[in-house]
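Enquirer: Sequence isn't available, so here's the structure alone:
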């Protein structure tokens with residue numbers, strides 16, 4: 001079956017001596033830096049009850065949570081047996097292997113600690129995080145595409161891509177699907193809604209929409225994505241990504257029900 005040729009892009013962005021910078025790590029860095037500056041912009045534009053120091057603290061602890069939570073989530077849900085026998089491999093982050101669900105959990109814990117220790121609204125912090133987290137998701141999925149990983153299932157669609165590590169079979173470019181849906185679309189929708197006072201001042205509503213939209217998109221796109229080889233399908237055609245996203249959707253619905261009915265002050 002015909003397919004598009006996979007672009008020959010090195011996973012290494014550039015090297016300086018023994019220092020190697022990869023697209024994957026740079027995607028995380030750029031996403032975090034972009035979120036940092038945009039959050040500061042929102043603080044000034046809408047006169048939010050935040051200080052620069054509080055935002056910078058939130059960025060620091062969120063970043064720490066993403067790294068630790070993302071790695072531990074991957075270890076527990078996607079490679080427990082391997083890492084049980086090779087525990088030192090857990091620290092080799094440069095080889096990839098991060099779980100969104102674990103990273104999201106770590107990020108929330110980082111925001112919770114910031115809110116508690118700096119005496120600031122937790123839901124205001126999560127709303128800002130929800131507005132700009134899609135930037136990192138978008139860049140991360142593009143990096144997955146460049147790394148020739150997390151590709152989709154075999155298909156005959158005209159835009160199928162032959163991934164080298166996927167056996168040169170025509171496959172869904174599921175990384176691009178995720179970049180568009182979980183990254184670009186969520187970013188645009190939430191930032192447009194944020195312009196409305198009725199949305200913006202209901203603290204937690206944007207967070208609820210982010211959680212719900214991500215969970216729904218992830219469940220749908222998992223039908224096009226090849227399951228992780230070490231896990232495969234769990235029940236029939238159900239994947240680990242879908243299983244982990246079900247409670248995400250339910251939690252999003254619960255949050256939406258709570259905050260959508262919240263009266264404006």
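Expert: Great, that's in hand. No experiment lies behind these values; they were computed from the predicted model shown.

Enquirer: Please compute how far the longest helix anywhere in the chain lies from its chain's middle.
Expert: Across the chain, the longest stretch assigned as helix under DSSP state H is helix 52-78. A distance of 11 Å separates the centroid of the chain from that of helix 52-78, by CA atoms, centre = their mean, to the nearest Å.

Enquirer: now stretch 228-242
Expert: The answer for stretch 228-242 is 19 Å, by CA atoms, centre = their mean.

Enquirer: And the residue nearest to the spatial centre of the chain, how far from residue 89?
Expert: Centroid check for the chain by CA atoms, centre = their mean gives residue 137 as the closest residue, at 4.1 Å. Note on residue 137: its distance to residue 89, by CB to CB, to the nearest Å, is 25 Å. Where you see a C-beta, it was placed from the backbone N, CA and C, and this is true even at glycine.

Enquirer: again with residue 147
Expert: Applying CB to CB to residue 147 and residue 89 gives a distance of 17 Å.

Enquirer: Which one's more surrounded, those two?
Expert: Counted by other CB atoms under 10 Å, residue 147 and residue 89 do not tie: residue 147 has more neighbours, with 19 against 13.

Enquirer: residues contacting the nearest residue to that one once chain neighbours are set aside?
Expert: Nearest non-adjacent residue to residue 147, counting by CB to CB, 6 or more residues apart in numbering: residue 11, 4.7 Å away. With contact set as CB atoms under 8 Å, 6 or more residues apart in numbering, residue 11 has these partners: 22, 23, 24, 146, 147, 148.

Enquirer: picking up where we left off before, what sits against the nearest residue to the residue nearest to the centre of the chain once chain neighbours are set aside?
Expert: Once flanking residues are discounted, residue 137 sits nearest to residue 183: 4.4 Å by CB to CB, 6+ apart. Counting by CB under 8 Å, 6+ apart, residue 183 touches 134, 135, 137, 138, 139, 141.

Enquirer: ok, and what's touching the lowest-mean-pLDDT helix or strand in the chain?
Expert: Ranked by mean pLDDT, DSSP states H and E, the helix or strand of the chain with the weakest confidence is helix 80-85, at a mean of 76. With CB under 8 Å, 6+ apart as the test, helix 80-85 has contacts from 75, 89, 90, 230.

Enquirer: right, and residue 75 touches residue 90 too?
Expert: Yes - with contact defined as CB atoms under 8 Å, residue 75 reaches residue 90; the gap is 5.7 Å.

Enquirer: quick one: which of these two has more around it?
Expert: For residue 75 and residue 90, the more surrounded residue by other CB under 10 Å is residue 75, and the numbers stand at 19 against 16.

Enquirer: now the more buried one: how far from residue 85?
Expert: The value you get for residue 75 to residue 85, if CB to CB is used, is 12 Å.

Enquirer: do the same with residue 119
Expert: Taking CB to CB, one finds residue 119 at 45 Å from residue 85.

Enquirer: same question, residue 11
Expert: Taking CB to CB, one finds residue 11 at 26 Å from residue 85.

Enquirer: circling back: for the next helix or strand along the chain from the least confident helix or strand of the chain, buried residues please.
Expert: Using DSSP states H and E, the helix or strand that follows helix 80-85 in sequence is helix 100-118. Neighbour counts over helix 100-118 (16 or more other CB atoms under 10 Å) mark 100-111, 113-115, 118 as buried.

Enquirer: Which strands and helices lie in contact with the helix or strand just after helix 100-118?
Expert: Next helix or strand after helix 100-118 toward the C-terminus (DSSP H and E): helix 122-146. Using 3 or more CB pairs under 8 Å, 6 or more residues apart in numbering; DSSP states H and E as the contact test, the elements touching helix 122-146 are helix 23-45, helix 52-78, helix 100-118, helix 174-178, helix 186-193, helix 205-221.

Enquirer: follow-up on the earlier one: which one among the buried residues of helix 100-118 gets closest to residue 257?
Expert: residue 108 (19.0 Å; CB to CB).

Enquirer: Mind pulling the model confidence for that closest one?
Expert: For residue 108, the model assigns a pLDDT of 94.

Enquirer: For it, give its distance to residue 245.
Expert: 16 Å.

Enquirer: Find me the pLDDT at residue 178, would you?
Expert: Value listed for residue 178 in the pLDDT field: 97.
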